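J.: here's a sequence, model it:
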Amino acid sequence: MTDGPHKTTIAVVGKVEGPAKAIVMFLHGRGAGLKAGFDDWNFGGNFNRIKNLMMRSGGLYVSPSFANFDDAGRAQVKGVMRALAKGSPDAPVFLACASAAGRLCTALAADKEAGPRLGGILFLGANVKEIAPAAAALTKTGYRIPIFIGHGSKDKVVDWVRQELFFKAIKAAAPDYPARFTLYAPGFHGTPMRMVDWREVINWMLTVKSG
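T.: Numbering: from 1, shown residues only. A predicted model of the protein is given here:
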């Protein structure tokens, strides 16, 4: 599929034509590609687990490519969401954002088209561009998108303290906001992608979103 001048390639498990009960979309970090979220052998096989989970529960797992972590990339991810919505208009979309893709996820959460479709965001060793504006953007949308932040205590790419501050900024803006922060100690940049319990986190997000 294409969106403007950029070609978007997607790797999928499940039926694109739908209807899917839920959609999990993995957004890769800088220097990676869609294969980062599709390789069964990476990160202790955890991407194999999410693919199996979605397939067995009637869901859809998607790993797209995109041009960058700014407007062009956001437009491409929105294009994928729009295309999938044709077959699964009622399916909540859970964004799993690695590293630099954290910037994309906060932008998509604040987007008037994409934001209402989100069932939750998983920041996995991810980064946000500016802490206070990102927290404000999440808490002021009115959608109450559940947030999970997982980070390694020895991450040398993105300091875990920065993401803890992001979590605290969310809670300061809205104390009852559905947000969780998990520090994996010891853990490195890729540890959250290896250790996140997809089933537990997504079930929690479904519960707090519906509640």
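
J.: hang on, residue 97 in a strand?
T.: Yes. Applying DSSP: H, G, I helix; E, B strand; the rest coil, one finds residue 97 inside a strand.

J.: from residue 58, how far out is it?
T.: Plainly put, residue 97 is 24 Å away from residue 58 if you go by Cβ to Cβ, to the nearest Å. Where you see a C-beta, it was placed from the backbone N, CA and C, and this is true even at glycine.

J.: with residue 207 instead?
T.: For residue 207, the distance to residue 58 - Cβ to Cβ - is 18 Å.

J.: who has more neighbours out of these two?
T.: Neighbour comparison, residue 207 and residue 58: the larger count goes to residue 58, with 14 against 11 (by other Cβ atoms under 10 Å).

J.: now the closest residue to residue 188 other than its chain neighbours. Its backbone dihedrals?
T.: Closest residue to residue 188 apart from its sequence neighbours, by Cβ to Cβ, 6 or more residues apart in numbering: residue 152 at 4.8 Å. Taking degrees, to the nearest 10, you get phi -90, psi 140 for the backbone angles of residue 152.

J.: count the neighbours of residue 152 for me.
T.: Using other Cβ under 10 Å, the number of residues around residue 152 comes to 24.

J.: check the one 4 residues further on too.
T.: Other residues near residue 156 come to 8 when the count uses other Cβ under 10 Å.

J.: show the pLDDT at it.
T.: Listed pLDDT for residue 156 reads 94.

J.: show the contacting residues for it.
T.: Applying Cβ atoms under 8 Å, 6 or more residues apart in numbering, we find residue 156 in contact with 188, 189.

J.: now it: how far from residue 98?
T.: 15 Å.

J.: show me where the protein has its helices.
T.: 46-56, 71-87, 102-110, 131-139, 160-173, 191-195, 198-210 (DSSP state H).

J.: what is the first one packed up against?
T.: Using 3 or more Cβ pairs under 8 Å, 6 or more residues apart in numbering; DSSP states H and E as the contact criterion, the neighbours of helix 46-56 among helices and strands are strand 10-13, strand 23-27, strand 60-64, helix 191-195, helix 198-210.

J.: what's the most buried one of these?
T.: Of all the helices and strands packed on helix 46-56, strand 23-27 carries the top mean neighbour count, a mean of 27, counting by mean count of other Cβ atoms under 10 Å.

J.: pairing partners for it, with directions?
T.: Using DSSP bridges, the strands paired with strand 23-27 in its sheet are strand 60-64 (parallel), strand 93-98 (parallel).

J.: so what touches that strand?
T.: Contact partners of strand 23-27, identified using Cβ under 8 Å, 6+ apart, comprise 36-38, 47, 50, 54, 59-64, 66, 77, 80-81, 84, 88, 91-98, 101, 104-105, 198, 202.

J.: just the buried ones from these?
T.: Neighbour-count burial (16 or more other Cβ atoms under 10 Å) applied to these gives 36-38, 47, 50, 54, 59-64, 66, 77, 80-81, 84, 88, 91-98, 101, 104-105, 198, 202.

J.: correct me, but residue 139 touches residue 174?
T.: Yes. Counting by Cβ atoms under 8 Å, residue 174 is a contact partner of residue 139 at 4.3 Å.
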